[in-house]
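Novice: The following comprises the amino acid sequence and a computationally predicted model.
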Amino acid sequence: MNRPNILVILSDEHTGSAAGWAGHPQVRTPNLDRLAAQGVSFDRAYTNSPMCVPSRLSLMTGQYVHRIGAWDNGVIPGPDFRSWGHHLTDYQTVIAGRTHFNGPDRLLGFDRRLTDDLDFWIDYSGRPPRRTPDWQRPTNSHVTEHGAGDHVHTRHDVHATDAALDFLRDPGPEPFLLYVGYMHPHFPLVAPPEFRALYDPADVDLPPTWNEPTSAQHPVISLLRHGFRNDEPITEAQAREATVCYWALISHLDHQIGRLLSAIPDDTVVIYTSDHGELAGHHGIWQKQCFYEAAVHIPLVLRHPALSPARSTFHVSLVDVLPTLRDIAGLPADLALPGHTLLDPVDRPVLSEYHAQGMPNAGYMLKSGPWKYCYYGSAHRPQVFNVESDPLEMHDLSDDPELVGRLDAALRAVLDPDATDQRAKSDQATRHSTAAR
């Protein structure tokens with residue numbers, strides 16, 4: 001059969017609403033806008049974990065975090081890890097740039113790697129995070145370190161694009177699956193000056209909850225903010241500058257993607273998505289690690305010659321990417337994968353989960369229709385939002401027992417949240433003991 005070439009582009013921390021095609025009035029993404037106009041954009045795409053390594057391992061295996069034990073950013077994939085490269089054996093599978101794979105195996109089933117992660121993002125210890133109520137990030141530099149300037153993340157992304165372009169000039173006769181991973185727009189919010197100059201802090205409309213007091217928040221969210229030092233006050237000027245620097249990093253990302261798109265023919269299949277979002281001040285939070293929309297809602301665009309341009313409102317998630325790649329490659333559906341091909345998507349509930357620092361107990365999100373259900377264990381009340389009528393998630397509906405009961409049953413149809421929490425903690429304790437030897 002004639003197998004099309006495939007380009008998959010993965011950014012880091014790009015929230016789904018921060019793009020021109022997504023309706024943002026200020027963020028400039030002309031190249032991604034054109035890609036979205038040529039393909040199918042999924043307006044209700046979600047990450048399966050608002051954390052880098054768990055999300056990426058879920059993406060690469062097509063499995064939920066709890067199925068593969070990808071609990072936190074210290075996980076090193078074991079020998080039973082099966083990536084896209086293990087599935088698409090009739091393709092030459094090539095990596096350029098950011099993957100956030102931990103450990104000495106830098107391929108994990110792929111054939112070639114053109115450029116690697118930055119050294120300080122690779123963990124060889126397997127050590128899990130400390131999940132105690134007194135844990136705190138050393139600083140709040142993820143928001144206070146911002147401005148125009150040069151940064152190693154920018155150089156990494158340009159280098160990844162350069163290497164991918166070198167490959168695309170002479171890919172060889174075999175069909176290829178080329179994965180290109182970018183650091184941007186992940187903090188620190190240090191943006192190339194020419195992209196920072198595109199935006200004026202005076203034009204920023206800060207979210208109404210940007211300085212929301214922790215005393216008014218759900219106790220799990222309040223503790224999470226304390227752990228990541230998002231309870232340390234910042235000025236309105238700092239929030240505005242951090243916001244425009246985030247936008248500038250997205251625009252630099254878009255520029256790199258434009259370089260890639262200009263080097264491939266129109267019949268190349270292209271998938272663009274991100275590992276998770278960025279709260280950018282919503283509910284006083286910068287980074288992710290929870291289930292508010294800006295943290296879990298991600299961009300997802302698929303351009304395929306057989307698909308007409310469209311916008312889909314079906315709920316989809318990162319576990320759907322591997323079934324899609326298999327479908328594109330002409331492989332039969334793998335019933336061991338929980339996802340579904342995006343060439344013929346189905347609307348179904350989305351699961352996201354978090355088992356890392358800032359939350360001593362696990363957090364889970366089930367998104368179904370307009371409803372978002374966030375479960376934090378029996379010791380805490382859940383959160384429930386109608387995201388359609390309350391897009392900023394300011395009105396918790398967890399005082400409705402019938403609604404909570406229905407959504408909780410739907411979550412438990414996917415997994416046992418309390419048993420999964422205990423399994424994660426047991427595995428993390430074992431890894432901590434092993435790493436300490």
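Specialist: Looks like it came in fine.
Novice: quick one, what contacts the spatially closest residue to Gly377 that is not a sequence neighbour?
Specialist: Among residues not flanking Gly377 along the chain, Asn361 sits closest, at 4.4 Å (Cβ to Cβ, 6 or more residues apart in numbering). C-beta: built from backbone N, CA, C; applies to glycine. Counting by Cβ atoms under 8 Å, 6 or more residues apart in numbering, Asn361 touches Tyr376, Gly377, Ala379, His380, Asp421.
Novice: Try it again at 10 Å.
Specialist: 131, 220, 354-355, 375-380, 417-418, 421-422, 424-425 (Cβ atoms under 10 Å, 6 or more residues apart in numbering).
Novice: Next, the residue lying closest to Tyr354 once chain neighbours are set aside: phi, psi?
Specialist: Closest residue in space to Tyr354, ignoring its immediate chain neighbours: Gly363 at 4.4 Å, by Cβ to Cβ, 6+ apart. Per-residue torsions, Gly363: phi -120, psi 140 (degrees, to the nearest 10).
Novice: what does Gly16 give?
Specialist: Per-residue torsions, Gly16: phi -70, psi -20 (degrees, to the nearest 10).
Novice: Could I get the pLDDT score of it?
Specialist: Looking at Gly16, its pLDDT is 98.
Novice: and the gap between the residue nearest to Gly377 and Gln38?
Specialist: Distance, Asn361 to Gln38, by Cβ to Cβ, to the nearest Å: 44 Å.
Novice: how far away is Ile234 from Asp203?
Specialist: Note on Ile234: its distance to Asp203, by Cβ to Cβ, is 19 Å.
Novice: list the helices and strands the helix or strand harbouring Leu177 packs on?
Specialist: Element membership of Leu177 [criterion: DSSP states H and E] is strand 176-181. Contacts defined by 3 or more Cβ pairs under 10 Å, 6 or more residues apart in numbering; DSSP states H and E place strand 176-181 against strand 6-11, helix 84-87, strand 92-97, strand 112-115, helix 152-169, helix 236-261, strand 269-274.
Novice: Next, the contact list for Ala36, please.
Specialist: Counting by Cβ under 10 Å, 6+ apart, Ala36 has contacts 19-22, 29, 42, 272, 299-303, 309, 311.
Novice: in which helix or strand would I find it?
Specialist: According to DSSP H and E, Ala36 maps onto helix 30-38.
Novice: tell me the mean pLDDT over that helix?
Specialist: When pLDDT is averaged over helix 30-38, the result is 98.
Novice: mind exporting it as PDB, just the C-alpha atoms?
Specialist: Output of helix 30-38 as PDB, limited to C-alpha atoms (Å, rounded to 0.1, in the frame of the first residue of the first chain):
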ATOM      1  CA  PRO A  30      -0.200  32.600  11.300                       C
ATOM      2  CA  ASN A  31       1.500  29.200  10.400                       C
ATOM      3  CA  LEU A  32      -0.600  27.200  12.800                       C
ATOM      4  CA  ASP A  33      -3.700  29.100  11.600                       C
ATOM      5  CA  ARG A  34      -3.000  28.000   8.000                       C
ATOM      6  CA  LEU A  35      -2.400  24.400   9.200                       C
ATOM      7  CA  ALA A  36      -5.800  24.500  11.000                       C
ATOM      8  CA  ALA A  37      -7.500  25.900   8.000                       C
ATOM      9  CA  GLN A  38      -6.200  22.900   5.900                       C
END
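Novice: Next, the buried residues of it.
Specialist: For helix 30-38, burial by neighbour count (16 or more other Cβ atoms under 10 Å) applies to Asn31, Leu32, Asp33, Arg34, Leu35, Ala36, Gln38.
Novice: Run through the helices of this structure in chain order.
Specialist: Assigned helices in the chain, in chain order: 30-38, 52-61, 65-68, 84-87, 141-144, 152-169, 193-196, 219-227, 236-261, 293-296, 321-328, 401-412, 417-436 (criterion: DSSP state H).
Novice: Using CSV, lay out the ones you listed together with distance to Thr115.
Specialist: Listed next are the helices of the chain as CSV, based on distance: least, Cβ to Cβ, whole Å:
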stretch, distance to Thr115
helix 30-38, 21
helix 52-61, 16
helix 65-68, 26
helix 84-87, 17
helix 141-144, 25
helix 152-169, 5
helix 193-196, 21
helix 219-227, 33
helix 236-261, 13
helix 293-296, 28
helix 321-328, 21
helix 401-412, 40
helix 417-436, 28
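Novice: Please identify which of the ones you listed is closest to Val94.
Specialist: Nearest to Val94 among these is helix 152-169 (6.1 Å), distances taken as Cβ to Cβ.
Novice: any idea of the angle that closest one forms with strand 176-181?
Specialist: Compare the direction of helix 152-169 with that of strand 176-181 by axes from the mean of the first three to the mean of the last three Cα atoms, to 10 degrees and you get 170 degrees.
Novice: and helix 152-169, what other elements does it pack with?
Specialist: Contact analysis of helix 152-169 by 3+ Cβ pairs under 10 Å, 6+ apart lists strand 6-11, strand 92-97, strand 112-115, strand 176-181, strand 189-191, helix 236-261 as its packing neighbours.
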